[in-house]
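# below are the sequence and a predicted model for it; my questions follow.
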Amino acid sequence: MDLRYSDSDEAFRAELREWLTGELPKLPAPPHREDWPTRRAYDTDWQRRLYDASYAGLNWPKEYGGRGASPSEQLIFLEETTRARAPYVGVNFVGQLHAGPTIIAEGTDEQKRDHLEKILRGDEVWCQGFSEPSAGSDLASLRTKAVRDGDHYVVTGQKIWCSFAQVGDFGELLVRTDPDAPKHKGITWLMLPMHLPGIEVRPLKTALGSSEFAEVFLDEVRVPVSCRVGAENDGWRVTNVTLSFERGTAFVSEMVDAMRLVEDLSPYANDPTHRRELGHIAAELDALWALTKRNITQAAKGGVMGRGAMMIKLPYSELRQRLGELSLRVLDRASLSIEDFDGLHNGEFVEERLRTLALTIAAGTSQIQRNIIGERVLGLPKEPK
Amino acid sequence: MYFDLDDDQVALRDGIRSLLEGRFGIDRVRGGLDRSMWAELGEAGVFSLRADGFSWADAAIVFEELGRALVPGPLVGTFLGDTLIEGGGRGSRIIGGVDRPAGDEPVIVEHLDALDALLVLETSAIKLVDPSTLTGRPSGWPLDPLTPVARVDALPAGITLADADAAQEARLAGAVLTAALQLGLAVFTSELAVTFAKERQQFDRPIGSFQAVKHILADTAVRVEVTRAAVHAAAVHLDDPVVGDVRRAVSVAKLLAGEAAVLNGKAATQVHGGMGFTWEVDVHLALKRAWVLDTHFGNSDQHADAVAATLPR
């Protein structure tokens, strides 16, 4: 058991640091949060730079244009880019972390050829169409229907919490193709070209005031059958391939970022009870970071994450909210503005407090996480229905 | 980086677990510390792991199992004393420990009547005191029935065994081994509560099927995984200090393990319902031990403050 990075890991880190030092000063100023066309351009420009330097698709297999990096190299990449304050994956999130890996696992050769390279180059932006107004935690109860008509599916329904739909070229769409089958058995996974007639995107304003999510209305949208990933009615299994990617890697850079916030908040925290709570939060972050290293070791050994991978999101999201809560107490009345007051660094902390309200809800609520841990890890019986 | 148990460590864990399950069942443990217990643990090599070439990570793995089995007695004091005191090896002597960085008095000594030697960890040195020279007033009603305590008004000067650096090292090692024991307690109470929730029927179904109970148990399992990573990380820092801030890693482990042991003990009490408040069910033994161990080598608050002190001002 050890915590040493190998010589080749350290070489990778040094090379990446050098590249970041040279590349980051060349970036334009970050766009305003609500300026979506410019945000797309900014994020895809960064993606193209990563691609040109062979850092795109770090965890993707080499045969699909990725780097095939080891788990520890992925960890180093997220550590270094977050510390250097390089741009976050941004609008490329769904393509990089959901759609791309799903197409790699389940797509046809043609689908792989048509999409994977473009996702890696930042030429194609994806958005997500899973949740519906009446299908949240119970995602499999989704009702958006797709009726086969020759070479097309005719899709009608409504999606919500569609990340980046305003700027997406394609959406990953879950539809019901067999209304008579048990709910998990009648779902199909489609690639939705966002330019098709009958699609309406309405931005959804969050409690933060931001609009990275949208509602998507689908009115008899004709989607080619060639856009189907996996077999008809096999979409639930295909979806779980995607969700397991999300659980495995989604929170690593967030954790590095949280530790940076702890260090940024520290000089303002002078009250002994605030400092003790801050030490507590830092300790728990260190522990979650150690657990991440354990998960990565197990992934490298067996190709799959162990039980610990299921146990990151729940404590991390609740911890991050405690950090947000503490920030407001430390700032006291400076917390009353999301914009920085003159000479104060208050805005980021307040914005974080609001943003992190979503952490215990998105990607499986804390309550659903506890059900999963209770039933799949501890083997407790399911709730009677 | 390989941050997981290797094959030898899995074998080590399974070996000590099977020894403890076979010979240190709960009936024997409930009888409290006795000399034969120490001799058997010593023979198995529990106290001489370092002298026998094992790593701190190995020691943490073994101490988690000792905690999980609720083994009573000054396990950490004897482990530390084993390498410091001539002729102390392999459990032939029961060595207690008192951690007294501030030198404040009076002193509470655990297991005083059973001790052959007492280590006193001061800021500037490690001292050896002969327990037979101490006048202790034992408590007739200790918090943990398996950890008898006595109040000692003053400690004699004792013999200096090692210097300030050694005292600091012993304090870090003691904190990691104690954290491993606390982790073991958290494992014990989590497992006990999960087993009970699968068997206990109310409203015609196992209580573990109810989300209100299931979620408490899920939290105990998460605490175990996160804490084990922290304890192993601290042990690896002792083995290989170049990987990071050793003192911070040790404080993280002691804080997380201290909380996990207490919170899982409370969770298991709750899940057991009325039975959780009985002497008969073992939950209270683990929870009381958790409270005892939180006072060793710095409590949770002190370690939270220690981590905060590493952050920028």
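Perfect, I can see it now. Numbers count the residues shown, from 1 in each chain, chains lettered A, B, ... in the order given.
# which phi and psi does B:Ile108 have?
Main-chain torsions, B:Ile108, degrees, to the nearest 10: phi -100, psi 120.
# how far away is it from A:Thr360?
42 Å (C-beta to C-beta, to the nearest Å). C-betas here are computed from N, CA, C, even on glycine.
# more neighbours: these two, which one.
Neighbours per residue, other C-beta atoms under 10 Å in any protein chain shown: of B:Ile108 and A:Thr360, the larger number sits with A:Thr360, 19 against 14.
# okay, now the closest residue to A:Glu106 other than its chain neighbours: neighbour count?
For A:Glu106, ignoring the flanking residues on the chain, the nearest one in space by C-beta to C-beta, 6 or more residues apart in numbering or on different chains is A:Gly230 at 4.6 Å. Neighbour count for A:Gly230, taken as other C-beta under 10 Å: 20.
# please apply the same query to A:Asn270.
Other residues close to A:Asn270 by other C-beta under 10 Å number 10.
# is it true that the residue nearest to A:Glu106 touches A:Leu190?
No - between A:Gly230 and A:Leu190 there is no contact under C-beta atoms under 8 Å: 9.8 Å.
# for stretch A:223-236, which residues meet the burial criterion?
The neighbour-count check on stretch A:223-236 (16 or more other C-beta atoms under 10 Å in any protein chain shown) flags A:Val223, A:Cys227, A:Arg228, A:Val229, A:Gly230, A:Glu232, A:Asn233, A:Asp234, A:Gly235, A:Trp236 as buried.
# same check on stretch A:120-131?
A:Leu120, A:Arg121, A:Gly122, A:Glu124, A:Val125, A:Trp126, A:Cys127, A:Gln128, A:Gly129, A:Phe130, A:Ser131.
# which residues does B:Ala162 contact?
Going by C-beta atoms under 8 Å, 6 or more residues apart in numbering or on different chains, B:Ala162 touches B:Leu84, B:Ala125, B:Ile126, B:Ala170.
# show me which pair in the residues you listed is furthest apart.
Farthest apart among the contacts of B:Ala162 by C-beta to C-beta are B:Leu84 and B:Ala125. That separation is 11.4 Å.
# which neighbours do the two have in common?
Common contacts of B:Leu84 and B:Ala125, defined by C-beta under 8 Å, 6+ apart, comprise B:Leu161, B:Ala162.
# just the endpoints, please. Distance across stretch A:20-28?
End-to-end distance for stretch A:20-28: 14 Å, by C-alpha to C-alpha, to the nearest Å.
# in that stretch, what counts as buried?
Those would be A:Leu20, A:Glu23, for stretch A:20-28 by 16+ other C-beta under 10 Å.
# pLDDT at B:Ala125, what is it?
B:Ala125 is assigned 94 on the pLDDT scale.
# quick one: it from chain A, how far?
Distance from B:Ala125 to chain A, counting by C-beta to the nearest C-beta, to the nearest Å: 28 Å.
# does B:Arg13 count as helix, strand or coil?
helix (DSSP: H, G, I helix; E, B strand; the rest coil).
# hang on, it packs against B:Phe63?
No - with contact defined as C-beta under 8 Å, B:Arg13 does not reach B:Phe63; the gap is 10.9 Å.
# more crowded one of these two?
The neighbour comparison of B:Arg13 against B:Phe63 (other C-beta under 10 Å) goes to B:Phe63, with 28 against 16.
# tell me the pLDDT of the closest residue to the more buried one other than its chain neighbours.
Nearest residue to B:Phe63, sequence neighbours excluded (C-beta to C-beta, 6+ apart): B:Ala180, at 3.6 Å. B:Ala180 is assigned 99 on the pLDDT scale.
# roughly how far does B:Ala180 sit from A:Leu204?
In terms of C-beta to C-beta, B:Ala180 sits 48 Å off from A:Leu204.
# these two: which is more packed in?
Between B:Ala180 and A:Leu204, counting by other C-beta under 10 Å, B:Ala180 is the more crowded of the two (31 against 16).
# I'd say that one and B:Leu256 touch.
No - using C-beta under 8 Å, B:Ala180 is not in contact with B:Leu256; the gap is 11.6 Å.
# so what sits against both of the two?
With contacts taken as C-beta under 8 Å, 6+ apart, B:Ala180 and B:Leu256 have B:Val231 as neighbours in common.
# which single residue of chain A ends up nearest chain B?
Residue nearest to chain B within chain A (C-beta to the nearest C-beta): A:Gly279, separated by 2.9 Å.
# which helices and strands does whichever strand or helix holds that residue pack with?
According to DSSP states H and E, A:Gly279 maps onto helix A:272-302. Counting contacts by 3 or more C-beta pairs under 8 Å, 6 or more residues apart in numbering or on different chains; DSSP states H and E, helix A:272-302 packs against helix A:71-83, helix A:252-265, helix A:313-331, helix B:211-239, helix B:246-271, helix B:300-308.
# give the buried residues for that helix.
Those would be A:274-299, for helix A:272-302 by 16+ other C-beta under 10 Å.
# the host helix or strand of A:Ala41 vs helix A:71-83, what angle?
Here A:Ala41, judged by DSSP H and E, is contained in helix A:36-52. Between the axes of helix A:36-52 and helix A:71-83, defined by axes from the mean of the first three to the mean of the last three C-alpha atoms, to 10 degrees, the angle is 140 degrees.
# from the contact counts, what lies against helix A:36-52?
helix A:109-121.
# what is the subsequent helix or strand relative to the helix it packs on?
Remark: after helix A:109-121, the chain's next helix or strand is strand A:126-129, criterion DSSP H and E.
# quick revisit: between the contacts of B:Ala162, which is closest to chain A?
For those, the minimum distance to chain A (C-beta to the nearest C-beta) is 22.0 Å, reached by B:Ala170.
# can you pull the phi/psi pair for B:Val281?
The phi/psi pair for B:Val281 (degrees, to the nearest 10) reads phi -80, psi 140.
# burial measure for it, as a count.
That count, for B:Val281 with other C-beta under 10 Å as the rule, works out to 17.
# and it, what's its pLDDT?
For B:Val281, the pLDDT comes out at 98.
# identify the residues contacting it.
Residues near B:Val281 by C-beta under 8 Å, 6+ apart: B:His272, B:Met275.
# so what touches stretch A:141-151?
Under C-beta under 8 Å, 6+ apart, the answer for stretch A:141-151 is A:129-132, A:134-135, A:153-159, A:173-177, A:179, A:183, A:187-188, A:190, A:218, A:222-226.
# in chain A, what helix or strand scores lowest on average pLDDT?
helix A:235-249 (a mean of 72; mean pLDDT, DSSP states H and E).
# the residue of chain A closest to chain B reaches B:Gln302, doesn't it?
No - the pair A:Gly279 / B:Gln302 is not scored as a contact, 10.0 Å apart, by C-beta under 8 Å.
# near chain A, which residues of the stretch 151-300 of chain B?
The stretch 151-300 of chain B comes close to chain A at residues B:194, B:197-198, B:205-206, B:208-211, B:214-215, B:217-219, B:221-222, B:225-227, B:229-230, B:232-233, B:235-237, B:239-240, B:242-244, B:248-249, B:251-253, B:255-256, as judged by C-beta under 8 Å from any C-beta of the partner chain.
# which of those residues are buried?
Among those, those scoring as buried are B:194, B:197-198, B:206, B:208-210, B:214-215, B:217-219, B:221-222, B:225-227, B:229-230, B:232-233, B:235-237, B:239-240, B:243, B:248-249, B:251-253, B:255-256 (criterion: 16+ other C-beta under 10 Å).
# can you map out the strands along chain B?
Ranges of strands in chain B, per DSSP state E, are B:95-99, B:107-110, B:117-121, B:126-129, B:136-138, B:149-152, B:159-162, B:201-202, B:205-206.
# helices and strands around the last one, which ones?
This means strand B:205-206. Counting by 3+ C-beta pairs under 8 Å, 6+ apart, strand B:205-206 packs on helix B:164-199.
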